[in-house]
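Participant: Predicted model follows, preceded by the sequence.
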Amino acid sequence: MLDLHVHLLGHLDRKVTKAAVREFLNAAVEKGISYIGFADHDLYWEHFNFSLVRQVGEEYPELQVRIGLEVDYREDREEEIAAMLQACPFDYVIGSVHQIGDWLFDYPEEEKNHHKRDADKLYKEYFAIVEKAAKSGLFDIIGHFDLIKLFGVRPQTDVRLLAAPALEAIKEAGLVVEVNTNGRYKPVQEFYPEYKLLELIKELGIPVTLGSDAHHPGAVGRDISEACLTLQSLGVKEINFFSGRKSIQLPLAF
């Protein structure tokens, strides 16, 4: 059982303290998680305390604790991101797209604007940015691959065709795709990525990992077991863990 997408800071809902770290790690133990990774948003870089997290992690011999980062990718940020990643020895880096141009599209108040746009164009624009993120050489994991669907807007074109260039770039770059269970708790009410995209990911031989996108302890490991069963139904045999920005294949069994 593995969860590599956990936000200790949330959206600055709490500070990095020993008590806060223990609360998340205790939740992981209770959920049967063996491998956990904290990957806070790069926006809160100045609030991180990596040494404290690693110190508390040593109190939990039953857990493999890793430190990652979720980066909000924009093409104009590539130099800034590269400099930030050089400043700390992360175990892994998640590249995510939350913005199209100047539009921060995943805020709840933006739902109405999703429904006003041409869905095919919206998906093409989104996946074009994901493709650039994959080609940037900055990341190890692509997070919540089809986040653009979060408000339930669907394209008329088969989403597999729209996503194919981004997936080819991910495969070429040797990246891992995250199965993110948090979509279940958004208006779309399904995992990221959706099942037919997972089928294509398996067909292309792209490796996968797992993440709850937890922003509070109660969400750690949420629906991870169901995600494992979904992947097993597709014939996936391994999931990916990370250490020192190197992937480690683990058998998909729990």
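Facilitator: Yep, it's here.
Participant: Can you pull out the low-pLDDT segments for the stretch 151-254 of the chain?
Facilitator: Within the stretch 151-254 of the chain, the stretches with pLDDT under 70 are 254.
Participant: Now do the helices in it.
Facilitator: With DSSP state H, counting those that start in this stretch applied, the stretch 151-254 of the chain shows helices at 159-173, 195-204, 224-233, listed in chain order.
Participant: Out of the ones you listed, which one sits most buried?
Facilitator: Most buried of the helices of the stretch 151-254 of the chain, by mean neighbour count (mean count of other CB atoms under 10 Å): helix 159-173, with a mean of 19. In this view, the C-beta of every residue, glycine as well, is placed from N, C-alpha and C.
Participant: do you know how far Gly152 is from His98?
Facilitator: 17 Å (CB to CB, to the nearest Å).
Participant: Neighbour count for these two, which is higher?
Facilitator: Shown here are Gly152 and His98; by other CB atoms under 10 Å, His98 has more neighbours (19 against 13).
Participant: Against which helices or strands is the top helix by length along the chain packed?
Facilitator: The residue-count maximum for a helix in the chain (DSSP state H) belongs to helix 119-135. Judged by 3 or more CB pairs under 8 Å, 6 or more residues apart in numbering; DSSP states H and E, the packing partners of helix 119-135 are strand 92-96, strand 99-100, strand 141-142, helix 159-173.
Participant: where exactly do the strands run in the protein?
Facilitator: For the chain, the strands defined by DSSP state E cover 2-6, 35-41, 64-72, 92-96, 99-100, 103-104, 141-142, 176-180, 208-211, 238-243, 246-251.
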